[in-house]
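J.: sequence and computational prediction follow.
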Amino acid sequence: MFGMTNDAGRNALELLKHDHHEVDELFKQYESMKEATDDSAKEELVAQICEALTVHAQIEEAIFYPAARKALPEEQGKDLLDEAAVEHQTLKDIIGRLEIAPVEDPLYDAGVKVLSEYVKHHVHEEENELFPKLRSSDMDLQAIGEQLAERKQQLESRQSRSAGNGSRTRKGSRGQQRSERSQQWHGQGAAADQQSRNTH
């Protein structure tokens, strides 16, 4: 499963960069097989991409971004972190549309491509603008990395249990997972917003 490596020993930036690399590989896999494979394989890979991005976004919003806001002076971090929050919302919207779209939709492949390009843009800004600032800050990257790894493992375990429940149809399971993910995101977003307001 995505990210099921020994992340506990990584600092926060290494862990997040590892996630970025893994999801990029999933997008490359989709691009190479989209013309020559059956719809169910495409659907499974897109579900894997969406789940990976969902977990990644949740751990960033719940742990990483609030810690970054505390570690960076407001003039260095506020704009970058505000933009990242807006980009996450756009990613969630694209993911939500992909999850309900039938794989035979003529715009399905285009939707995956747009998601891929948007993720690349987001990753580029994080890795080239935000991460260097955090390396120079007093953020405890090791401690935050451990928190990210622990939360990531919890979320992946929950998703694994949900996906492994064979009592529902696949479409029904996806629908419930979408609903659960939406509730988690809204809860995480509200908590992150509140935490951000408390720090300023």
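T.: Right, received. Where do you want to start? Numbering: from 1, shown residues only.
J.: for this structure, give me the ranges with low pLDDT.
T.: Within the chain, the stretches with pLDDT under 70 are 1-9, 163-200.
J.: the host helix or strand of residue 32: what's the following helix or strand?
T.: Taking DSSP states H and E as the definition, residue 32 sits inside helix 12-33. Going down the chain from helix 12-33, the next helix or strand is helix 39-59, by DSSP H and E.
J.: what packs against that following helix?
T.: helix 12-33, helix 74-100, helix 108-125, helix 141-163, helix 170-199 (3 or more CB pairs under 8 Å, 6 or more residues apart in numbering; DSSP states H and E). Backbone N, C-alpha and C define where each C-beta goes, glycine included.
J.: buried set for the second one?
T.: Looking back up the chat, that one is helix 74-100. Of the residues in helix 74-100, 76-77, 80-81, 84-85, 87-88, 91-92, 94-95, 98-99 count as buried by neighbour count, 16 or more other CB atoms under 10 Å.
J.: from those, pick the one nearest residue 121.
T.: Nearest to residue 121 out of the buried residues of helix 74-100 is residue 87 (CB to CB; 7.7 Å).
J.: tell me the contacts of that closest one?
T.: Contact analysis of residue 87 by CB atoms under 8 Å, 6 or more residues apart in numbering lists 118, 121, 122, 125.
J.: go with 7 Å
T.: residue 122 (CB atoms under 7 Å, 6 or more residues apart in numbering).
J.: could I get the buried residues of helix 74-100 as a markdown table with distance to residue 70?
T.: Shown next, in a markdown table, are those (distance: CB to CB, whole Å):
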| residue | distance to residue 70 |
| --- | --- |
| 76 | 12 |
| 77 | 9 |
| 80 | 14 |
| 81 | 11 |
| 84 | 15 |
| 85 | 15 |
| 87 | 21 |
| 88 | 19 |
| 91 | 24 |
| 92 | 24 |
| 94 | 29 |
| 95 | 28 |
| 98 | 34 |
| 99 | 33 |
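J.: distance of residue 45 from residue 103?
T.: Applying CB to CB, to the nearest Å, the value for residue 45 to residue 103 is 10 Å.
J.: if you could redo that for residue 73, that was the one I meant.
T.: The gap separating residue 73 from residue 103 is 47 Å, by CB to CB.
J.: and those two? Which one has more around it.
T.: Neighbours were counted for residue 73 and for residue 103 using other CB atoms under 10 Å; residue 103 has more, 16 against 9.
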